[in-house]
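K.L.:
sequence first, then the predicted structure, then my questions.
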Amino acid sequence: MGKVIGALDLGTTSNRFMLFDHQGKIVGVDQREHEQIFPRPGWVEHDPLEIWENSCRVIKGALGKTGIGGRDIAAIGITNQRETAVVWDKTTGRPLYNAIVWQCTRTDGICNTLAQEGGQDRFREKTGLPIATYFAGPKIKWILDNVPEAKAAVKKGQALFGTIESWIIWQLTGGVAGGAHVTDVTNASRTLLMDLKTLAWDDEILGILGIPREMLPRIVPSIDKGTWGHTLKDGPLGADVPVCGALGDQQAALVGQTCFAVGEAKNTYGTGCFMLLNTGTQPVPSAHGLLTTVGYQISGEKPVYCLEGSVAIAGALVQWLRDNLGLISSAPEVEALARTVDDNGGAYIVPAFSGLFAPYWRSDARGVIAGLTRYVNKGHIARAVLEANAYQTLDIMEAMKKDSGVDLNSLKVDGGMVANELLMQFQADLLDVPVIRPSITETTALGAAYAAGLAVGFWTSMEELKQYWSVDKTWQPRMDDDARRKGIRGWQKAVQRTLDWVES
C-alpha cells in the first residue's frame, strides 16, 4: 500500500494535483490555470487538450516538489467542475469541439423548446433538475446539432461524451489504447439524462434530446472498490496506480467535510455559493427551487442523496466592489472596511447581476442597493456586501427546511471567503446555528482523496475519516430574535425590488 493518496482537482479556472497523508494533511500540491475562451457573449469554452496537458504537468509538478514517486501513491481520486461537456473521438483521442462550460448559455434555445413542450420541470421527477442551460445534456445536443465532425463520429460509432472527470479518467487509464469510459453517479446526476432512482441513463430523455446511448460513459459509484483502470507506467505518474474515486466538486466538498449523517450540511463560499444538505438514501423532491442530486455512493451500497441550493454571486460581489467600484484594492480589505461600522446602516445589496438563482430562479431580476440614506457610507456598503452572502445562504436553508423537514443543527463552511470572520459571525447570527470552519479548508480535493482512499482500503471507514476532521474555529449565534427578524424583513423587501426589471 502506498504512503499517500493523490487527488486531481479539475476546477473551472485551474487544475491542481494534491497529495494527502493518512491524517488527511496536505503533503504536496501543484496548480496551473487554463484559458477561459469566450467566442461570443454568454458562450464559455475550455480546451480539453489543455486541461489534459495541465493535469500531466501538475501531477509531475507535485511529485517533483515533494520527491514522492508514483509508486508511493496508493490510489488517485478525481473531482471536477460538474456540468461541463466534452465530446471526443475514441480512435484519435481528439476532442471534436471545445468543452462547453457549465456557465455557458448557448443552449438557451434548446432549453426553451424543451420547456415549451412540457414545462421547465418536465424532467424533474426523474432527474431532480429543472430544464436549464446549466446542465450537460442540452450541451451534448448542441454539439451534435452544430458540429459536423461530431455528427459524423456518432454515425461511425466513434464519438464519446463525458464531463471533465470522464475525459481525464479515459486519458489516465490508456486513452485510445482502451481507456476506461466512466462517470460517477454525482456527475451523471448533473447531465439531465440520469434517472435518480435507477442510477441509469433514461432512454426516454435520450430519445427526446437525440443523444445515442452508445456515446455515454458507464455510470459507476463515486467510491468504487472495483477500480476502473490503472495509470500507465509511461504516463505522468510513471507508475501503475488505481483510479477508483470520483466526485463532482460540490459533492467532494460534502465528503471532505465528512457530512455523512442525515441533516448535516456544508456551504462553499467561492465565486458563487453552493449549499448541500445530506437527506439520506431517498431522493427528496424539491418544491422550493432546490436541486435534488446524488451526494455520493459507495460500491455495493445505496446512494446518499442531497438537496442543493446554488447562489450565482457570492465572492464575485466582493470582486465587483474591488474592480467595478474601486472601494477596496484587494478582496481581504472588505472585512476591515466593514468593521468601521456597527451594522449595515439600513442598506441592503441584492447581487442579482444575471438574475437570481436558488430558491427564486428569476432571470428577470437585476441587482439593487436598497435603503440608501445620507447616513450610509462606504463601510455600510462593504458590510452590506458581506451580509448579502449570509442572507442568500439563509434563503437556501429555509427552502431546504421546507423541502426536507430537517432542521439544520450546524453549518460546516469552506471556500475562499471563510477566512472572513465578520461574515462567519453574521452567518451564525442569521441562521441561529453554530458555523464551523475546519482546519483543512481544501475540502474539495480532500473529498476526492477520501473517495479513492476508501475504495482501496487506505482508510477503512467513514468513521475513521471523521476522526481526522478537525475544527479550526466555531462561531456561535449571539444576535437577539428581534434584530434577526428585522434584518430578514429588510432583506426580503430588497429582494422584491429586484424582480421584473428585465422586460421580455
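P.N.:
Arrived safely.
K.L.:
list the contacts of the closest residue in space to residue 85 that isn't next to it in sequence.
P.N.:
Once flanking residues are discounted, residue 85 sits nearest to residue 139: 3.9 Å by Cβ to Cβ, 6 or more residues apart in numbering. All C-beta atoms are positioned from the backbone trio N, CA, C, and that covers glycine. The contact partners of residue 139, taken as Cβ atoms under 8 Å, 6 or more residues apart in numbering, are 83-85, 100, 104, 107.
K.L.:
kindly recompute the last result at 6 Å.
P.N.:
Residue 139 makes contact with 85, 100, 107, according to Cβ atoms under 6 Å, 6 or more residues apart in numbering.
K.L.:
list the contacts of stretch 9-23.
P.N.:
By Cβ under 6 Å, 6+ apart, stretch 9-23 touches 4-8, 26-33, 54-55, 58-59, 62, 79-81, 164, 444-445, 449, 468.
K.L.:
take the contacts of residue 139 and write them to TSV, including distance to residue 424 and secondary structure.
P.N.:
Output for these, formatted as TSV (distance: Cβ to Cβ, whole Å; DSSP: H, G, I helix; E, B strand; the rest coil):
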residue	distance to residue 424	secondary structure
85	35	strand
100	35	strand
107	37	coil
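K.L.:
how about the residues you listed in JSON lines, adding pLDDT, neighbour count and distance to residue 427?
P.N.:
What follows is these, written out as JSON lines (pLDDT from 0 to 100; neighbours: other Cβ atoms under 10 Å; distance: Cβ to Cβ, whole Å):
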{"residue": "85", "pLDDT": "97", "neighbour count": "27", "distance to residue 427": "34"}
{"residue": "100", "pLDDT": "95", "neighbour count": "25", "distance to residue 427": "34"}
{"residue": "107", "pLDDT": "89", "neighbour count": "25", "distance to residue 427": "34"}
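K.L.:
which one of those is nearest residue 282?
P.N.:
residue 85 (28.8 Å; Cβ to Cβ).
K.L.:
which stretches of the stretch 201-350 of the chain form strands?
P.N.:
Using DSSP state E, counting those that start in this stretch, the strands of the stretch 201-350 of the chain run over residues 218-220, 229-230, 242-248, 265-269, 273-280, 291-296, 304-311, 348-350.
K.L.:
center of the chain - which residue?
P.N.:
Taking Cα atoms, centre = their mean as the criterion, residue 250 is the residue nearest the geometric centre of the chain, at 3.7 Å.
K.L.:
from residue 345, how far off is the residue of the chain positioned farthest from its centre?
P.N.:
Distance from the C-alpha centroid of the chain peaks at residue 374, with 40.3 Å (Cα atoms, centre = their mean). Distance, residue 374 to residue 345, using Cβ to Cβ, to the nearest Å: 10 Å.
K.L.:
shaky segments in the stretch 151-300 of the chain?
P.N.:
Residue ranges of the stretch 151-300 of the chain with pLDDT under 70: none are present.
K.L.:
quick one, helices of it?
P.N.:
All helices of the stretch 151-300 of the chain, identified by DSSP state H, counting those that start in this stretch, fall at 164-172, 185-188, 203-209, 249-256.
K.L.:
packed most tightly, which of these would that be?
P.N.:
helix 249-256 (a mean of 30; mean count of other Cβ atoms under 10 Å).
K.L.:
report the angle between it and strand 273-280.
P.N.:
Helix 249-256 and strand 273-280 are oriented at 60 degrees to each other (axes from the mean of the first three to the mean of the last three Cα atoms, to 10 degrees).
K.L.:
C-alpha coordinates for helix 249-256, CSV please?
P.N.:
Output of helix 249-256 as CSV, limited to C-alpha atoms (Å, rounded to 0.1, in the frame of the first residue of the first chain):
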residue,chain,number,x,y,z
ASP,A,249,-16.7,19.4,-6.9
GLN,A,250,-19.6,20.3,-4.5
GLN,A,251,-20.2,16.6,-3.6
ALA,A,252,-16.5,16.2,-3.0
ALA,A,253,-16.6,19.1,-0.5
LEU,A,254,-19.5,17.4,1.3
VAL,A,255,-17.4,14.2,1.6
GLY,A,256,-14.3,16.3,2.6
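K.L.:
many thanks, I have nothing further to ask.
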